[in-house]
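J.: Quick one: sequence and predicted model below, then my questions.
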Amino acid sequence: MTTTTLAVLVPLLPFLGAAAGLLLGRTAPGFVRPLAVLPTMAAAVLAALVAARQGGGLAIDASTQLTPTGSVPIDLALHLDGFAVLVAVLVGVVATCVQIYSTGYLRDDPRYPSYAALISLFTSAMLLVVYSGDLMVLLVGWEIMGICSYFLVGHYWETPEARAASLKAFLVTKLGDVPFLFGLFALAADADTFRINGILGAVASGGIDHPTLIALLLLAGVAGKSAQFPLHTWLPDAMAGPTPVSALIHAATMVAAGVYFVARLLPVFAASAAALTVLAVMAAVTMVGSALAALAQDDIKRVLAYSTIGQLGYMTGALAVGDRGAAVFHLLSHGAFKALLFLGAGVIIHAAGTNSLAAMSRMSGLPKRIPDAYWTMTIALFALAAIPPFAGFFSKEAVLVAAEHASLGDTQGVPSGAGWTVLVAGLLTAVLTAAYAIRLWLLAFRGRGAVAPDHGKQPIAMNGVLWLLAIPSLGLGLTAGYLADWFDGDSLTPTVTTAVLGTGVALVGGLVTYGAWRHTTALAARSQVDGIVAHPDAEAGQVEAEALTMPHPAYDPADPGRLLLGPLHRHAAAGFHLDAVYNTLFVRPVLAAAELVRFLDREVIETYVRGAGTAPRLLGTVVRRAQTGNVQTYLSALLAGSVVLAIAAVIVAAVGA
């Protein structure tokens, strides 16, 4: 079987599994779990086989033209290069882990058949995006992921939070997709093709007439899909969905699509220095802002959500300095440890039996109850904090190395200002990332909140997946020296300068956070001895200022985030009020305009319509009353009319005489 045939089967198998799962979910429930797991697992195996055959060598292309369009043709095309085949392996492995994990996590959920089918369809759509060699075919997978995320985030539609989160995710991403679509059309008009190879050839020959406009339009869609500032606000709220869905969205699908798209078309963006500068600023604001917000969150899933936004900022930052190898390498390592973190958080939630106990300040006694999640999440948090030799260290250092080269003017076509922006923001974010990672570990596994009810041991399917993902989280970075051929031949190994700087600032962030935790723990212990416990909403430095006379046993006041952020904590916890700004600038005016239209429709337009119908209605009433069906009445009316006419004739004759 040829490599292209195997590649066609990779997205096709999960799609067939989704279709079969939807058809047989009610009539043959015993087939639901095999149809969820086996096609996705087979797709992962085939993706690995395709990657082995491609081997980081020359790209493999195959295409067949669809129905002629009469203008720019649309081809069903495959493009298999080192980036595509490795990202496809990531998608297949993470999706398989999520499907296996979900058999235990949602084993009692009555809507599991539709959930599993949507996960398979989600996976198929992302694989279509990864392998596609034509932008219109890529757009199909891009939009299918959007609708799948809407249904999966809203899986618990009984709750208002899930309904609002699914609608918000759909609308915000669609807001970015509108200019994205115009950008695709403009790009195809300039290049006279939707084929990615043709577009890259047109860029190389100078055939793109409006590179800045096209790049900025495309960046709007990327910002929405990959949750970058200012269209990132949907991702933290999307935590209302099932935790395995969060793992899939954050690690391998949806948000990864935007980064992968820019990596695939990086020469288009590199043709405009202005576009690279905008991308660098967007990445810097996203990195730093999301890291500060993560340091202030209490819900463990929201911490991880803001963490994903920040790590995606690293990837877009690497793209802004012209290094797609570093961006995709970080995409791969992040996919492994972020999937592990979310699935580990799912074990915590499953052990508690409810999403409401995901607040870290209310956790206690978890290491002994869920040791598998404890150890594997510790590995993943070390990887997130970029501590060597964990995977995140090598991939994050690759980003910092690329930014360092760009800042020194060593990267052709990349403004040095973009390099400095990404480098400084990346180092600052490294400090904050280590801070919120160690804070999460301390509050979740060393906290002194109320012990959640024990709902028994977790299924082996859940714990086994955690250890499987722990392997790449620990060792993927060690393969950096062997992956250069897959990533344009660029070296991915860290330099001494960035390694020392990156590791140093991460250690500073972790140690300062640990010191703050020890300080707040001691202060909280003294407060409890005195018979008071600080109110959860007290500002940092005011542990006793708003003390309660009654203890609050479910709250652990030893939160270093409050001490570290100080007055900024309240704003960071609210995501710097960006939702409130959007509500003021966009939501309220739209609602007011809708209310005005409603008023005009009901009170003005309908008034004229009702007035125009009043006269015919009154005439009809008179005529209807005349039609009694009584012959005597008709004869009486005829006689009366004759008399009236006779009298009128006599009067007229008399007047005439």
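T.: Perfect, I can see it now. Numbers count the residues shown, from 1 in each chain.

J.: Endpoint to endpoint, stretch 251-268 covers what distance?
T.: The straight-line separation of the ends of stretch 251-268 (Cα to Cα, to the nearest Å) is 26 Å.

J.: How far away from the center of its chain is that stretch?
T.: 13 Å (Cα atoms, centre = their mean, to the nearest Å).

J.: can you check stretch 623-642 too?
T.: 76 Å.

J.: tell me which residues of that stretch are tucked away?
T.: Burial within stretch 623-642, assessed by neighbour count using 16 or more other Cβ atoms under 10 Å, is assigned to no residue. (C-beta placed from N, C-alpha, C; glycine too.)

J.: Can you give me the buried ones in stretch 37-53?
T.: Buried, per 16+ other Cβ under 10 Å, within stretch 37-53: 37, 39-51, 53.

J.: Equivalent analysis for stretch 393-405, please.
T.: Of the residues in stretch 393-405, 393-405 count as buried by neighbour count, 16+ other Cβ under 10 Å.

J.: from the residues you listed, which single one is nearest Arg324?
T.: Nearest to Arg324 out of those is Ala402 (Cβ to Cβ; 9.4 Å).

J.: In contact with the residue lying closest to that closest one once chain neighbours are set aside, which residues?
T.: Distances taken as Cβ to Cβ, 6 or more residues apart in numbering place Asp323 nearest to Ala402, at 3.5 Å, with adjacent residues excluded. Residues counted as contacts of Asp323 (Cβ atoms under 8 Å, 6 or more residues apart in numbering) are 398-399, 402, 405-406, 411, 490.

J.: all helices in the stretch 401-550 of the chain, in order from the N-terminus.
T.: Ranges of helices in the stretch 401-550 of the chain, per DSSP state H, counting those that start in this stretch, are 416-445, 460-475, 496-529.

J.: Please work out which of these is packed deepest.
T.: helix 416-445 (a mean of 24; mean count of other Cβ atoms under 10 Å).

J.: name the helices or strands packed onto that helix?
T.: helix 273-296, helix 300-320, helix 366-369, helix 371-384, helix 391-407, helix 496-529, helix 560-565 (3 or more Cβ pairs under 8 Å, 6 or more residues apart in numbering; DSSP states H and E).

J.: Between helix 273-296 and that helix, find me the angle.
T.: Put simply, helix 416-445 runs at 20 degrees to helix 273-296, going by axes from the mean of the first three to the mean of the last three Cα atoms, to 10 degrees.

J.: how far off helix 496-529 does helix 416-445 point, in degrees?
T.: In terms of direction (the same axes, to 10 degrees), helix 416-445 departs from helix 496-529 by 40 degrees.

J.: what's the farthest-apart pair in the buried residues of stretch 393-405?
T.: Largest separation among the buried residues of stretch 393-405 by Cβ to Cβ: Phe393 and His405, giving 18.7 Å.

J.: The helix or strand hosting Ala223: what's the following helix or strand?
T.: Using DSSP states H and E, Ala223 sits within helix 211-225. Downstream of helix 211-225, the next assigned helix or strand under DSSP H and E is helix 234-237.

J.: closest to Ala499 among the contacts of Asp323?
T.: Nearest to Ala499 among those, counting by Cβ to Cβ, is Ala398 at 10.8 Å.

J.: Not counting its neighbours along the chain, what's nearest the closest one?
T.: Per Cβ to Cβ, 6+ apart, closest to Ala398 is Ala326, 3.9 Å.

J.: Likewise for Ala470?
T.: Thr376 (4.6 Å).

J.: What count of nearby residues applies to the one you found?
T.: Counted with other Cβ atoms under 10 Å, residues neighbouring Thr376 total 26.

J.: Ala326 now?
T.: As a burial measure, Ala326 scores 29 neighbours (other Cβ under 10 Å).

J.: coming back round to it: wait, the residue nearest to Ala470 touches Gly346, no?
T.: No. The pair Thr376 / Gly346 is not scored as a contact, 11.9 Å apart, by Cβ atoms under 8 Å.

J.: Mind listing the shared neighbours of those two?
T.: Joint contacts of Thr376 and Gly346 (Cβ under 8 Å, 6+ apart) do not exist.

J.: Show me what counts as buried in the helix holding Ala223.
T.: Buried residues in helix 211-225 (16+ other Cβ under 10 Å): 211, 213-225.

J.: quick check, nearest of those residues to Gly30?
T.: Comparing these against Gly30 with Cβ to Cβ places Lys225 closest, at 36.5 Å.

J.: which one is the closest one nearest to, not counting chain neighbours?
T.: Of all residues not flanking Lys225 in the chain, Gly258 sits nearest, at 4.0 Å (Cβ to Cβ, 6+ apart).

J.: Could you report the neighbour count for the one you found?
T.: Neighbours around Gly258, by other Cβ under 10 Å: 28.

J.: Thought Leu219 was touching it, still the case?
T.: No. Assessed by Cβ under 8 Å, Gly258 is found out of contact with Leu219, at 9.0 Å.

J.: Tell me who's in contact with Pro29.
T.: By Cβ under 8 Å, 6+ apart, the contact list for Pro29 reads Pro113.

J.: I'd like to know how far it sits from Arg111.
T.: According to Cβ to Cβ, to the nearest Å, Pro29 stands 12 Å off from Arg111.

J.: now Ala380
T.: 29 Å.

J.: between those two, which one's more packed in?
T.: Ala380 (29 against 14).

J.: Touching, the more buried one and Pro472? I think so.
T.: No. Ala380 is beyond contact range of Pro472, at 10.4 Å (criterion: Cβ under 8 Å).

J.: quick one: common contacting residues for these two?
T.: By Cβ under 8 Å, 6+ apart, the residues touching both Ala380 and Pro472 are Phe337.

J.: need the contact list for the closest residue to Phe180 other than its chain neighbours.
T.: Spatial nearest neighbour of Phe180, chain neighbours left out: Gly221 (2.4 Å); criterion: Cβ to Cβ, 6+ apart. Neighbouring residues of Gly221 by Cβ under 8 Å, 6+ apart: 142, 176-177, 179-181, 183, 258, 261.

J.: Turn these into a markdown table, columns for secondary structure and pLDDT.
T.: Output for the contacts of Gly221, formatted as a markdown table (DSSP: H, G, I helix; E, B strand; the rest coil; pLDDT from 0 to 100):
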| residue | secondary structure | pLDDT |
| --- | --- | --- |
| Trp142 | helix | 96 |
| Gly176 | helix | 94 |
| Asp177 | helix | 95 |
| Pro179 | helix | 96 |
| Phe180 | helix | 97 |
| Leu181 | helix | 95 |
| Gly183 | helix | 96 |
| Gly258 | helix | 95 |
| Phe261 | helix | 97 |
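
J.: ok, so of these, who is nearest Leu118?
T.: Closest to Leu118, out of all of the contacts of Gly221 and judged by Cβ to Cβ, is Trp142, at 16.3 Å.

J.: Can you verify my assumption that that closest one contacts Lys225?
T.: Yes. Using Cβ under 8 Å, Trp142 is in contact with Lys225, at 7.1 Å.

J.: Pull up the overlap in contacts between these two.
T.: Listed as contacting both Trp142 and Lys225 by Cβ under 8 Å, 6+ apart are 177, 257, 261.

J.: Most neighbours out of the residues you listed, which is it?
T.: Ala257 (25 neighbours).

J.: could I get the helix or strand encompassing that residue in PDB with only the CA atoms?
T.: Assigned by DSSP H and E, Ala257 belongs to helix 255-264. What follows is helix 255-264, C-alpha atoms only, in PDB (Å, rounded to 0.1, in the frame of the first residue of the first chain):
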ATOM      1  CA  VAL A 255      -6.100  25.600  19.100                       C
ATOM      2  CA  ALA A 256      -3.200  23.800  17.400                       C
ATOM      3  CA  ALA A 257      -4.800  24.300  14.000                       C
ATOM      4  CA  GLY A 258      -4.000  28.100  13.900                       C
ATOM      5  CA  VAL A 259      -0.400  27.600  14.800                       C
ATOM      6  CA  TYR A 260       0.000  24.800  12.200                       C
ATOM      7  CA  PHE A 261      -1.700  26.900   9.500                       C
ATOM      8  CA  VAL A 262       0.800  29.800  10.000                       C
ATOM      9  CA  ALA A 263       3.700  27.300  10.100                       C
ATOM     10  CA  ARG A 264       2.500  25.800   6.800                       C
END
